[in-house]
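Asks: Just to be clear, the model below is a prediction. Sequence and coordinates:
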Amino acid sequence: MLLTGTMKINQKGHLEIGGCDVVDLASQYGTPLNIMDESLIRTRCRYYLQSMEKHYPDFEVIYAGKAFLTKAMCRLLEEEGMSLDVVSGGELYTALAAEFPPERIYFHGNNKTVSEIEQALEAGISRFIVDSFSELDLLDSTAQKIGKKAEIYIRIKPGVVPDTHQYIQTGQVDSKFGFGLSDGQAMEAVEKCLEKKHISLRGLHCHIGSQIFQTEPFVQAALIMMSFLREIALTKNIQLLELNLGGGLGIRYLENDQPPSIDSLISSLAEAVKSKASEYNYPLPKLMIEPGRSIVGEAGTSLYTVGTIKDVPGIRRYVSVDGGMSDNLRPALYKAKYEALVANKAEEPREELVSIAGKACESGDMLIWDVHLPSLQRGDLLAILSTGAYTYSMANNYNRIPRPAVVFVRGGNSDLVVKRESYEDLVMNDMIPKRMKKIRDELAQKAVNP
Ligand code: LLP
């Protein structure tokens with residue numbers, strides 16, 4: 001069974017996370033519920049920081065907020081000494097609302113708006129990661145207007161294609177992200193930066209994709225980036241001293257998944273950068289990485305209540321739960337696979353083959369096809385494992401299903417970090433135009449007074 005972090009099966013035969021019986025969590029907070037193992041998140045942050053410390057002199061570990069971001073998460077990151085990558089005004093706002101230090105914020109995105117740029121400049125964030133020529137112009141003019149200089153990295157497509165789902169590859173030439181190396185756009189971007197008065201080019205960035213299980217493509221990208229740093233030094237006579245190699249380390253979703261360890265990724269990256277720096281006689285750049293999934297993914301568990309169970313004779317048993325693609329879009333979007341267990345029957349033999357359906361009106365809303373579980377009844381609690389990354393952050397209100405609550409569990413305590421959305425929340429921003437109200441009133445009037 002895939003039990004990570006502080007997960008265990010307790011004496012009652014229930015799943016326990018962070019010292020909390022998951023069955024009790026369900027009665028206290030309701031379902032669907034996202035349970036985050038706070039100790040495991042902290043442990044993962046520390047692995048990254050300690051591993052960097054061991055292998056490289058000057059570094060920053062920048063958590064990719066898109067994986068999971070709430071105000072409590074920002075607070076945790078600050079406490080652990082992590083920096084933060086944001087990709088939108090909303091993520092930036094969340095960080096600032098949690099009083100996360102702006103000088104540790106990095107701003108990504110392929111289409112930053114003027115107001116997002118202004119918001120970030122005014123907050124005094126650390127670096128913008130610039131994605132296009134058009135953004136360079138916009139950033140330069142906005143910085144001039146505000147009277148500040150924007151410190152930036154340019155995002156490079158190193159042309160490395162890792163073995164992962166096509167939707168989460170990003171470093172290939174035909175990608176909406178970054179500047180190509182082979183087509184000369186990356187060097188042109190460097191030249192443009194040097195001409196701009198309100199931009200200061202501080203380094204380079206790349207990110208090749210996500211849920212990657214080999215260290216080689218990361219190393220390959222690091223070598224390419226080092227060689228580009230040297231080319232810039234030789235042709236433009238400037239040494240850029242910051243190198244951000246992005247995120248992307250895979251995690252265990254299924255029992256047989258074997259991702260490389262954090263330490264093996266960091267040691268191979270550090271080795272690659274150090275060896276090239278010495279070969280090129282280039283000063284060691286400050287090294288940055290941006291893990292998201294490998295910090296929070298395995299720390300998350302989605303808890304659902306079983307509802308309708310339907311047999312299609314001779315074909316399969318559909319077990320429906322009270323959530324689905326509204327709180328975890330990944331199976332529908334990427335055919336992502338997960339493991340599950342029954343939290344209130346964690347030790348019972350897995351003798352039934354079932355498929356887990358979400359409750360949305362969509363045939364594709366299937367959370368797991370074909371999984372062996374103990375015999376299920378309405379009211380049982382189904383736990384889907386390793387759901388900490390890109391689930392809550394991608395949650396939506398399809399079918400007007402409210403988004404779930406999120407709790408942090410640790411040392412036998414649970415704390416609500418995001419309240420469950422209510423039906424009132426769902427209609428909070430809805431408006432009925434006055435004229436519609438009037439038509440209804442007129443009809444009512446006519447009915448009374450024909
Ligand atoms: N840095 C940049 C620039 C990124 O674009 C990403 C992820 C990361 C860092 C973090 O990558 P990670 O360590 O989490 O793999 N929704 C998809 C994943 C999209 C990843 C987008 N970029 C999924 O659910 O698999």
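Replies: Nice, I can see it.
Asks: In contact with the residue in the stretch 301-450 of the chain positioned nearest to the ligand, which residues?
Replies: Nearest to the ligand in the stretch 301-450 of the chain, going by CB to the nearest ligand atom, is residue 390, at a distance of 3.1 Å. All C-beta spots, glycine's among them, are computed from the backbone N, C-alpha and C. Residue 390 makes contact with 66, 67, 68, 292, 293, 297, 330 under the criterion CB atoms under 8 Å, 6 or more residues apart in numbering.
Asks: from those, which is closest to residue 32?
Replies: Within the contacts of residue 390, the smallest distance to residue 32 is 14.5 Å, found for residue 330 (CB to CB).
Asks: How about that closest one: what's its closest non-neighbour residue?
Replies: Closest residue in space to residue 330, ignoring its immediate chain neighbours: residue 336 at 3.8 Å, by CB to CB, 6 or more residues apart in numbering.
Asks: what residues does the stretch 101-250 of the chain put near the ligand?
Replies: Residues of the stretch 101-250 of the chain found near the ligand (CB under 6 Å from any ligand atom) are 108, 168, 170, 207, 210, 211, 246, 247, 248, 249.
Asks: near the ligand, from the contacts of residue 390?
Replies: If you filter the contacts of residue 390 for contact with the ligand, counting by CB under 6 Å from any ligand atom, you are left with 66, 67, 292, 293, 330.
Asks: the longest strand in the chain is where?
Replies: Ranked by residue count under DSSP state E, the longest strand found in the chain is strand 300-312.
Asks: other SSEs contacting that strand?
Replies: helix 22-29, strand 33-37, strand 316-321, strand 381-385 (3 or more CB pairs under 8 Å, 6 or more residues apart in numbering; DSSP states H and E).
Asks: Please list all residues in contact with the nearest residue to residue 307 once chain neighbours are set aside.
Replies: The shortest distance from residue 307 to any residue that is not its chain neighbour, by CB to CB, 6+ apart, is 5.0 Å, and that residue is residue 320. Contacts were defined as CB under 8 Å, 6+ apart; by that measure residue 320 touches 306, 307, 308, 309, 310, 356, 357, 358, 359.
Asks: again, only using 7 Å
Replies: The neighbours of residue 320, taking CB atoms under 7 Å, 6 or more residues apart in numbering as the test, are 307, 308, 357, 359.
Asks: what helix or strand is the residue nearest to residue 330 on?
Replies: Element membership for residue 336, per DSSP states H and E: none, as it lies in no helix or strand.
Asks: Now residue 86: closest residue in space, sequence neighbours ignored.
Replies: With CB to CB, 6+ apart, the residue lying closest to residue 86 is residue 92, at 4.6 Å.
Asks: re the thing from before, just put the residues of the stretch 101-250 of the chain next to the ligand in TSV and tack on neighbour count.
Replies: What follows is these, written out as TSV (neighbours: other CB atoms under 10 Å):
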residue	neighbour count
108	27
168	17
170	22
207	26
210	27
211	23
246	27
247	24
248	28
249	25
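Asks: how about the residues you listed in a markdown table, adding pLDDT?
Replies: Putting those into a markdown table (pLDDT from 0 to 100) gives the following:
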| residue | pLDDT |
| --- | --- |
| 108 | 98 |
| 168 | 62 |
| 170 | 64 |
| 207 | 96 |
| 210 | 95 |
| 211 | 96 |
| 246 | 98 |
| 247 | 98 |
| 248 | 97 |
| 249 | 98 |
